[in-house]
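Asker: Predicted model and sequence follow; I will ask about them next.
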Amino acid sequence: MEHELTQLKVKLSEKTTVAEASEARVKELGMKVDEQQKLISKLEEDILKGYSSIDRRMTKPDDWDLPELGISEILENTEKKKGHVDEEQNSMLQVICSQRDRFRQRLREAEEDLRKAREKINALEADLEKCKADNVKLYEKIRYIQDYTKDWPVSRGLKKRADDIESGFSSDVESKYKKIYEDDINPFAAFSKKEKERRYKELGIRDKITLTSGRFLLGNKYARTFIFFYSIGLHLLVFTSLYRMSALSYKSGGLVSEKTGVPILKVTMPHST
């Protein structure tokens with residue numbers, strides 16, 4: 001039993017370390033994927049800018065050639081420039097395309113590594129849950145051995161072995177799995193959970209919406225902050241409206257419209273002489 005407990009502890013520690021390393025690897029691969037996507041977008045923008053600048057150079061000949069050269073020489077120089085520009089364009093395009101293909105290949109490899117890392121994390125989480133369940137079962141066996149040694153007279157060697165098992169189980173680990181074990185076997189907790197589920201199913205639609213909204217507002221810090229400032233803003237709006245209505249009522253001398261209830265302002269016109 002002691003050997004099995006030690007093996008489970010070592011296995012749980014190894015799985016936890018591997019899970020943390022895998023999570024760090026996933027974050028690193030995610031950052032790498034984002035960086036390569038930005039590089040690909042920048043390369044595509046540079047290609048478009050290169051095409052536009054080359055087209056402008058091809059369609060606009062140099063001004064200093066026009067007054068000195070004839071039409072044929074201008075056309076010949078234009079063809080030569082066009083051929084030279086085409087060669088430069090093709091070579092530059094090949095370099096950029098090859099670089100883009102390399103980045104895409106690296107991006108696909110990074111995405112594949114990210115997918116494998118996520119699958120590995122899911123498998124490790126499942127293994128951790130399994131190890132936790134095994135530890136709970138092991139704690140149950142230890143409790144059974146402790147109760148058995150208390151109820152029946154045993155030899156000194158068996159009692160010493162039970163004490164060794166108990167001492168090998170550290171207080172932190174024992175308290176952790178003791179709580180999990182007691183929660184699993186606690187009939188009052190299970191009954192309370194079933195009663196809550198039954199009462200929730202018996203609620204109407206409006207009550208369910210109200211209960212869910214209340215739990216969300218009480219459990220979310222940002223929702224509570226929004227409700228707080230919203231209440232303050234609503235009160236300020238009401239007080240401001242009442243103040244303006246009272247001011248208008250005072251200016252109108254207490255005259256109020258019978259249809260709308262809005263104060264009517266009295267306008268005094270100057271008398272003509």
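Answerer: Great, that's in hand.

Asker: lowest-confidence helix or strand of the chain?
Answerer: helix 156-168 (a mean of 50; mean pLDDT, DSSP states H and E).

Asker: And the helices in the chain?
Answerer: Listed in chain order, the helices found in the chain under DSSP state H are 2-59, 71-151, 156-168, 171-185, 187-202, 205-219, 221-251.

Asker: now those helices in CSV, with mean neighbour count?
Answerer: Any C-beta I mention is one placed from the backbone N, CA and C, and that applies to glycine too. Shown next, in CSV, are those (neighbours: other C-beta atoms under 10 Å):
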stretch, mean neighbour count
helix 2-59, 14
helix 71-151, 13
helix 156-168, 13
helix 171-185, 13
helix 187-202, 10
helix 205-219, 10
helix 221-251, 11
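
Asker: hey, least reliable of those by pLDDT?
Answerer: Note on those: lowest mean pLDDT is at helix 156-168, with a mean of 50.

Asker: how close does residue 126 sit to residue 140?
Answerer: Counting by C-beta to C-beta, to the nearest Å, the gap from residue 126 to residue 140 is 21 Å.

Asker: What of residue 15?
Answerer: For residue 15, the distance to residue 140 equals 21 Å [C-beta to C-beta].

Asker: Same check on residue 120?
Answerer: 30 Å.

Asker: can you pull the contacts of the nearest residue to residue 33 once chain neighbours are set aside?
Answerer: Nearest non-adjacent residue to residue 33, counting by C-beta to C-beta, 6 or more residues apart in numbering: residue 110, 4.9 Å away. Contacts for residue 110 were tallied using C-beta atoms under 8 Å, 6 or more residues apart in numbering; they are 29, 32, 33, 36.

Asker: can I see the domain layout of the chain?
Answerer: Residue ranges for the domains of the chain, per automatic domain parsing: 2-134, 220-257.

Asker: any idea how far residue 205 lies from residue 212?
Answerer: Using C-beta to C-beta, residue 205 is found at 11 Å from residue 212.

Asker: quick one: contacts for residue 93?
Answerer: residue 47.

Asker: I'd like the distance between it and residue 47.
Answerer: Noted for residue 93: a distance of 7 Å to residue 47, by C-beta to C-beta.

Asker: cool, and residue 114?
Answerer: For residue 114, the distance to residue 47 (C-beta to C-beta) stands at 27 Å.

Asker: With residue 206 instead?
Answerer: Per C-beta to C-beta, residue 206 is found 59 Å from residue 47.

Asker: ok, now how distant is residue 38 from residue 113?
Answerer: 18 Å.

Asker: my bad, should have said residue 43
Answerer: Distance from residue 43 to residue 113, by C-beta to C-beta: 22 Å.

Asker: Please apply the same query to residue 221.
Answerer: Relative to residue 113, and taking C-beta to C-beta, residue 221 is found at 35 Å.

Asker: same thing with residue 132?
Answerer: Relative to residue 113, residue 132 is positioned 28 Å away (C-beta to C-beta).

Asker: show me the residues around residue 200 that make contact.
Answerer: Contact analysis of residue 200 by C-beta under 8 Å, 6+ apart lists 208, 211.

Asker: Now with 7 Å, please.
Answerer: Not one residue lies near residue 200 by C-beta atoms under 7 Å, 6 or more residues apart in numbering.

Asker: Quick check: the gap between it and residue 214.
Answerer: Residue 200 is 13 Å from residue 214, where distance means C-beta to C-beta.
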